[in-house]
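Any chance you can model this:
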Amino acid sequence: MHDYPLITAEVSSSPIPLEKLGPFIPYGIMPGSVADFIDTRIKGGTYQLKECSINGRISQIAHMDEHENYKVLQAKVGVDKGLFSYGKNVPVFSGIKGELELRGKDFLLHNISGNFGESPMTLEGRITDYCLATLASYPFTIHMTPGQKEIAWLLGIDGDNKFAFTGKTTLQITGSGTTNNYTLDGRWDLTEASYSYSDVFTKPQSQGNRLVFKSTFKTDKVQVESFSYQLASLTVNATALYRIKDKYLSSFAVDSNPIQIEDLLSNLPRIGKYQPRGGIRLALTGSGMPKAIADLHWRGNITFSGVSFKPIETFRAISALSGTVSLGKNRLETSLLAGSIGGSLIQGRATLHDFKNPSASVTISSALLDLEDIGLQSPSGVIKLRDFAGDIVFRDNGLLIKRLSARMNDSFFTITGAMPDVKKPFFDIRVTSSYLDMDDVVLLSGINALKKEKSTSEALSLKASVQSNKGKIKQISYSELRTTLTYQQQTMDIPAFEMKAFNGGFSGKGHIVFAPGGVKKYQAGFTIDKMSAEQISKYAGSETIPITGRLTMKGDVTAEGATISALKKTARGTATLVMEEGSLNRAASLSKAFSILNVSQLLNFKLPDMITDGMPYTSIKGTFSLKEGILTSNDLFVNSSAMKICLVGKADIVSEEVDSNIGIQPLQTVDKVVSTIPVVGWILTDDKKSLITFYFQAQGKWGNPVVEAMPVNSMERGVLSIFKRVFQLPEKLITDTGEVIMGR
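As a prediction, the model looks like this:
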């Protein structure tokens, strides 16, 4: 060691551009970190050595940290228009003005002012023990008026044009400690600032807002010891620990004071349309790779009480909800919640899965649910569902019905299916039911989404498959019903329909248009398989049963109108009919025809008593056409052991009047007739001894028509041809049956 002589000197200079001083910077008397910093970071400006004194003995000039060499050198440097750069991604410190001082062991920064990026700032600070072998510390205090770009950089959203910030605020940051254990304390009054991020969050000017934080930076981690964000009546506190090497947020905790949601509506524009109200409080913890909020693993609870909101514009408000939302790994789940939607009391649970691609599962139940409360209305009036229970999933703006069950009037049904887009209310569903009244289905299918003023809400449309064990259609009891149907734009299509009713089967298809004014347009094709005519008669309201037997029928029909009368007037269609093994009872036209036959006892006919016993038949066959309320048949044929009957004519189903010709062929041998009236044998029979046929005309009301015997020569040729074909009569009829039998 050498002890150099005492040196005393004073030096000053004129302003010199820093870049010209590079070769002359005394590295030997500056710590390496400081020298490197000056050499690589300070890029511009002018520097003036205001005063410099060397006073004392120096031991080993190159080692200022030995003995008390640090006391020898003292210097002050004035800085003007200085420029510091920390790298291309960090805002530049520019326009720096102030004083740098070397004083003993410390490197001081006095009255420093300038800009961080475009944000004005002032700084007081020092590097303590900078020239010693021990670790230097870096205490400082900075006051900054941050602008939008610098705040975006601090928040890690630099270049995101969704962020906006205006207003003059003061951010104070105080730092202390060494490079391997450094603490930052900050205070930021944001009251006079206005800032926003897209339409997710906005903070208006003059709203109370403060931020206080304390963080420690160590070699391998960053610890947020405290973080407090105050906005109006809300206070959010947080702590966190970040692993630098792994870029992993190993833990964080967030909690808030109880807050009324409505106090923050001005700050959260997106939720305003849901009209939220009520109290809420956060207590959350978590960890993860903090690339985005959705990447973090959350734990904790969100407690709320008396909450109300409107989940969809057309829904009535959900209110009086209280409970807890629990957050787990990439999901959240509520406790059992109870409240109301409109006037309907509800309870249920909700679960949100996958924060990146969220889907929400909701289970809900209500003893009595008014459909208008959930945005659905019917032209028929208020519809309320009893014992409503649902398990529903919302995903990608769509709705999946895992299970939904309810009672409506006497119907009980379970629904599964989906609504792909809630903005376009189209349901594709499957309905199963133990008992289903199809009138209830028609009511439900006529439901529309509620429309607000200037709303573009669309009417509900529906595609459904339906299976019902039993039920009724317009008071017709059925079983084993299977059908598919679609409903869209006031039109229902039924491409397939089958059921059992009246001890037989029914199948068909149909098309219904629900026109304005209650007018309905029907189009249907159908097949009836061996139904009970007796039960059909009872359903039709007959006090007595006019006919029994098994009915088989196939046809099609169209009709249009708002009333039964209008539907009858517009009805059109065709059908074929077969009936087997039954009886005709109280048929007015036949009864009167039989009474006419009984006038002549000479034939000794044993005619059936249509009033008491009815007439058994083996089969009834025929074809029908229906046009504008007129039902016509040219070949209705009754085959029985007593006689054969053919009917040709028409019936007006509107006025309930009949106009028909009736042919009756009693099944008696010709021999009895010939023995009484010999001429009949050659006049009224052919070589095969066919039986005698009588003709009548029936006109008037269904229940009491006027029936008269009808001579052959007064019968229209077309009608007579039909009778000849049906009864297999000889081609030439020389004498009229009426003339022979009735004596005309």
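
wait, is residue 152 part of a helix?
Yes - counting by DSSP: H, G, I helix; E, B strand; the rest coil, residue 152 is part of a helix.

SS state for the closest residue to it other than its chain neighbours?
Leaving aside its chain neighbours, residue 152 sits nearest to residue 158 (4.8 Å; criterion: Cβ to Cβ, 6 or more residues apart in numbering). Placement of C-beta: from N, CA and C, glycine included. What three-state DSSP gives for residue 158 is coil.

how far away is residue 158 from residue 247?
Per Cβ to Cβ, to the nearest Å, residue 158 is found 18 Å from residue 247.

Among the two, which residue is more densely surrounded?
residue 158 (14 against 10; other Cβ atoms under 10 Å).

list the contacts for the more buried one?
Residues in contact with residue 158 (Cβ atoms under 8 Å, 6 or more residues apart in numbering) are 89, 149, 152.

Could you find the lowest-pLDDT member of those residues?
Within the set of these, pLDDT is lowest for residue 89 (73).

Just the helices from the stretch 551-700 of the chain, written as ranges.
564-570, 588-597, 670-676, 679-683 (DSSP state H, counting those that start in this stretch).

rank those by pLDDT, which is bottom?
Minimum mean pLDDT among the helices of the stretch 551-700 of the chain: helix 679-683, a mean of 38.

Check whether residue 347 really touches residue 362, as I assumed.
No - at 11.5 Å, residue 347 does not count as touching residue 362 under the criterion of Cβ atoms under 8 Å.

Show me the strands paired with whichever strand or helix holds residue 415, marking each as parallel or antiparallel.
Element membership for residue 415 (DSSP states H and E) is strand 411-419. Paired neighbours of strand 411-419 in the sheet (DSSP bridges): strand 398-408 (antiparallel), strand 426-437 (antiparallel).

what secondary structure does residue 440 sit in?
helix.

From residue 480, how far out is it?
Per Cβ to Cβ, residue 440 is found 18 Å from residue 480.

who's more crowded, those two?
Comparing residue 440 with residue 480 by other Cβ under 10 Å, the one with more neighbours is residue 440, at 19 against 13.

Quick check: that one vs residue 520, distance?
17 Å.

again, but for residue 505
26 Å.

What's the local residue count around residue 90?
12.

Sorry, wrong one. I was asking about residue 582.
Neighbour count of residue 582, defined by other Cβ under 10 Å: 23.

same check, this time on residue 617
Residues near residue 617, counting by other Cβ under 10 Å: 24.

likewise residue 95?
Applying other Cβ under 10 Å, we find 15 residues neighbouring residue 95.

hang on, the earlier thing: quick check, distance from the strand holding residue 415 to the centre of its chain.
14 Å (Cα atoms, centre = their mean, to the nearest Å).

what residues does it touch?
Counting by Cβ under 8 Å, 6+ apart, 387, 398-406, 425-437, 440-441, 464, 468, 471 sit against strand 411-419.

Walking through this protein, point out its helices one by one.
32-41, 148-155, 269-272, 438-445, 533-539, 564-570, 588-597, 670-676, 679-683, 717-727, 737-741 (DSSP state H).

can you give me how far the second one is from the chain middle?
This means helix 148-155. 39 Å.

Check what contacts that helix and list those residues.
Contacts for helix 148-155 (Cβ under 8 Å, 6+ apart): 90-91, 116-119, 144, 146, 158-160, 163-166, 195.

What is the most widely separated pair among those?
Using Cβ to Cβ, the two most remote members of these are 90 and 166, lying 23.1 Å apart.

one step back: which of the contacts of residue 158 tops the neighbour count?
residue 152 (20 neighbours).

quick one: buried residues of stretch 345-355?
Buried residues in stretch 345-355, defined by neighbour count with 16 or more other Cβ atoms under 10 Å: 346, 347, 348, 350, 351, 352, 355.

Next, format those residues as TSV and append pLDDT and distance to residue 254.
What follows is these, written out as TSV (pLDDT from 0 to 100; distance: Cβ to Cβ, whole Å):
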residue	pLDDT	distance to residue 254
346	91	30
347	92	29
348	91	27
350	88	21
351	89	21
352	85	18
355	73	15
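
Show me the residues you listed that map onto strands.
Those of those mapping onto strands are 346, 347, 348, 350, 351, 352, per DSSP state E.

tell me the contacts of the last one?
Taking Cβ under 8 Å, 6+ apart as the definition of contact, the neighbours of residue 352 are 331, 332, 333, 358, 359, 360, 361.

Buried residues, stretch 210-224. List them.
Buried-residue list, stretch 210-224, by 16+ other Cβ under 10 Å: 211, 213, 214, 215, 217, 222, 223, 224.

And the contacts of strand 411-419, which of them are buried?
By neighbour count, with 16+ other Cβ under 10 Å, the contacts of strand 411-419 hold 399-401, 404-406, 425-429, 431-433, 436-437, 440-441, 464, 468, 471 as buried.

Surely residue 298 and residue 286 touch.
Yes - judged on Cβ under 8 Å, residue 298 makes contact with residue 286 at a distance of 4.4 Å.

Of the contacts of helix 148-155, keep whichever come out buried.
By 16+ other Cβ under 10 Å, the contacts of helix 148-155 give 91, 116, 117, 119, 144, 146, 163, 165, 195 as buried.

what's the closest non-adjacent residue to residue 223?
Nearest to residue 223 is residue 216, by Cβ to Cβ, 6+ apart, at 4.7 Å.

Same check on residue 205?
That would be residue 194: by Cβ to Cβ, 6+ apart, it lies 4.3 Å from residue 205.

residues contacting that neighbour?
165, 166, 167, 203, 204, 205.

Surely the fourth one and residue 191 touch.
No - proximity of residue 203 to residue 191 does not meet the contact threshold set by Cβ under 8 Å, at 9.7 Å.

Show me whatever sits in contact with both of the two.
Joint contacts of residue 203 and residue 191 (Cβ under 8 Å, 6+ apart) are residue 209.

what about the two, which has more around it?
Taking other Cβ under 10 Å, residue 203 and residue 191 do not tie; residue 203 has more neighbours (19 against 14).

which residues sit in contact with the more buried one?
Residue 203 touches 190, 193, 194, 195, 196, 209, 231, 267, counting by Cβ under 8 Å, 6+ apart.

what's the burial count for the second one?
One way to gauge burial is a neighbour count; for residue 193, by other Cβ under 10 Å, it gives 20.

I'd like the distance between it and residue 209.
Distance, residue 193 to residue 209, using Cβ to Cβ: 7 Å.

Check residue 132 too.
43 Å.

The two: which is more packed in?
Neighbours per residue, other Cβ under 10 Å: of residue 132 and residue 209, the larger number sits with residue 209, 22 against 14.
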